[in-house]
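Visitor: Predicted model follows, preceded by the sequence.
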Amino acid sequence: MFTLQRIETQTQEIKKSRFLAICGPVGNEEEARDFITRHSDLTASHNCWAYRIGQTYRFSDDGEPSGTAGKPILQAIDGQSLDHVAAVVTRWFGGTLLGSGGLMRAYGGTAAMCLRAAEKTEVIETVTGSAVCDFSDLALIKARLTALGITISAEAFTGTGAELSLQIPRDTAETASAIILDLSRGRTFLKLGD
């Protein structure tokens, strides 16, 4: 699965209506709702949207006929095998009715054009973890974990060392555990959060 590298935009005009798609990466549902709020234009006729985060998805037609906007936007996301993505397609009505088929093509097509043009990156599933290590092992453990692509999200110092909070790619958790155990000569263990 892939997600977007950054926020992308695309516009097109269809029968005097202007459509603007804004698509971007989101980490969770709260970020998706925030993205939708930030990128909706209250002066526009409609702000239709969709997002997918793993098995969770939502979409809205925002006053357009049911099934003509949000669902085609979601289909554009799914059609390109994207995950952790939110898309808002804003319409400024130009006076000409497009009909159900025309609306579906306009909303889904504008979103698809935007998503196709966007730079993508692979979604790496992570787990949280923590490790408490002595000062004598700290620098080496941190260097090895970073080299494995593990993110040290927090570091809290204790009287004898530090507790590291980690974001670990799921497929390297076992390797990380073995490295921590080996480098500390059995004194430090990786505790996984989920």
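Guide: Yep, that arrived.
Visitor: now this structure, which segments are flagged as low pLDDT?
Guide: Residue ranges of the chain with pLDDT under 70: 194.
Visitor: Just the helices from it, written as ranges.
Guide: For the chain, the helices defined by DSSP state H occupy 29-39, 70-79, 99-117, 135-147, 173-183.
Visitor: okay, those helices, which one's buried deepest?
Guide: Sort these by mean neighbour count, taking mean count of other CB atoms under 10 Å, and helix 70-79 sits at the top with a mean of 21. Quick note: C-beta positions are derived from backbone N, CA and C, even for glycine.
Visitor: so how far is that helix off the chain centroid?
Guide: 15 Å (CA atoms, centre = their mean, to the nearest Å).
Visitor: same question, stretch 53-65
Guide: 16 Å.
Visitor: Also stretch 67-76?
Guide: Computed by CA atoms, centre = their mean, the chain-centroid distance of stretch 67-76 equals 18 Å.
Visitor: Kindly report the same for stretch 152-162.
Guide: Put simply, stretch 152-162 sits 29 Å off its chain's centre (CA atoms, centre = their mean).
Visitor: and it, how far apart are its ends?
Guide: 12 Å (CA to CA, to the nearest Å).
Visitor: Stretch 65-73 now?
Guide: From start residue to end residue, stretch 65-73 stretches across 14 Å - CA to CA.
Visitor: Pull out the CA atoms of stretch 138-146 and give them to me as PDB.
Guide: Provided in PDB are the C-alpha atoms of stretch 138-146 (Å, rounded to 0.1, in the frame of the first residue of the first chain):
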ATOM      1  CA  LEU A 138      22.600   4.000  25.300                       C
ATOM      2  CA  ALA A 139      24.700   5.500  22.400                       C
ATOM      3  CA  LEU A 140      25.200   2.200  20.600                       C
ATOM      4  CA  ILE A 141      21.600   1.000  21.000                       C
ATOM      5  CA  LYS A 142      20.300   4.400  19.700                       C
ATOM      6  CA  ALA A 143      22.700   4.300  16.700                       C
ATOM      7  CA  ARG A 144      21.700   0.700  15.800                       C
ATOM      8  CA  LEU A 145      18.000   1.300  16.200                       C
ATOM      9  CA  THR A 146      18.200   4.400  14.000                       C
END
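Visitor: With that, I have no additional questions.
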